[in-house]
Structures are given as C-alpha cells and as structure tokens.
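Trainee: Provide a 3D model corresponding to the input given below.
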Amino acid sequence: MDSHEDRLAALQVPVVWLGPGEAAAAFDRIRVCFDDRRYGLSKTAFTPPVERVDVDAPPEVLRAWLGERVGGGEESVLVAYSRDEVCKVSVGTFVDLWHSHFCPPDDEIAILPPNGGWILCYFHGDQFEFGRGSPA
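Mentor: The predicted structure is shown next:
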C-alpha cells in the first residue's frame, strides 16, 4: 500500500511534509482533542460545542460549511494522517481538493492551523467534526 506522501506526490498536490519530530509534536497536540470514551472529538474540550456535517451533503453545501469554519486562502493548515505522516498545505488547496485528494474513505484525518485555535476531523467517509477553542 502506498503512503499518503506517495499518493499526494503522484497527484501533484503542493504539500510540504513535516519531519519526524515536528509531525510527532503536531500529532500529540491532536490526540488531546479526542474523547477516550466515544468515537470523535471530545464534547467537553471545545466551546461552543463540536459541529458536525455529513460528507454526503451536496458539494456546494460542504464547501460552504468548510469555508465558513476554516477559510479558503493561502494560510497553512496541517493535515495529519498518523504520527509519522503530517503535511502542511494551504487551506484553500485543502478545501478545493479534500474529497478527491486528501480524504480517502477508509481514513481518519485531522486538520488544524499550525498555531492551534480549531480542529477539523474527517472520519471514515462519514462526517467532518469541527471544534473551536481547540486544546491543540
């Protein structure tokens, strides 16, 4: 099986992969956002409550939902697949290509700005969850 790095390189997506230390540090920030007792983001770690959207929503609805929460410009976000695979990409590129390039249906990923403040998670082709005031 190809790595996410190999897959995104083959698709010519403009990303920068973090080194092992930076990737592990980003992943550790993400882990504190999850609930140990249930699947998904912690209900108590975010203010206001966690927001959700089904990925089967019409594309224009999903794009608007994502844009309202994470933006769509050139600022960078981190996309974390695992402790070893974390890349940096523009939020606009992520919003434009999330479905076709970044979110395989069998994966969970976390997206967050380098300096924290919010987190967006994608769960196995089902939904996005968004938390503001992120502990990450």
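Trainee: so where's the chain uncertain?
Mentor: Applying pLDDT under 70 to the chain picks out residues 1-2, 104-106, 125, 134-136.
Trainee: residues contacting stretch 123-131, please?
Mentor: Here stretch 123-131 makes contact (Cβ atoms under 8 Å, 6 or more residues apart in numbering) with 33, 39-42, 45-46, 50-55, 62, 65-66, 69-70, 103, 105-108, 118-122. Using the backbone N, CA and C atoms, a C-beta is placed for each residue, glycine as well.
Trainee: with stretch 66-83 instead?
Mentor: Contacts of stretch 66-83 (Cβ under 8 Å, 6+ apart): 4, 15, 18, 23-24, 26-27, 30, 51, 86-92, 94-95, 98, 102, 107, 109-114, 118, 120, 128, 130.
Trainee: extract the CA atoms of it and return them as CSV.
Mentor: In CSV, the C-alpha atoms belonging to stretch 66-83 read as follows (Å, rounded to 0.1, in the frame of the first residue of the first chain):
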residue,chain,number,x,y,z
LEU,A,66,-15.8,24.1,5.3
GLY,A,67,-15.1,27.6,4.1
GLU,A,68,-17.1,29.2,6.9
ARG,A,69,-15.0,27.3,9.5
VAL,A,70,-11.5,27.0,8.1
GLY,A,71,-11.3,29.7,5.4
GLY,A,72,-10.1,29.2,1.9
GLY,A,73,-7.0,31.3,1.4
GLU,A,74,-3.3,30.7,1.3
GLU,A,75,-2.7,30.4,5.1
SER,A,76,-1.3,27.0,6.0
VAL,A,77,-3.0,24.1,7.8
LEU,A,78,-1.6,20.8,9.0
VAL,A,79,-3.2,17.6,7.7
ALA,A,80,-2.4,14.7,9.9
TYR,A,81,-2.9,11.1,8.8
SER,A,82,-0.8,9.5,11.6
ARG,A,83,2.1,10.3,14.0
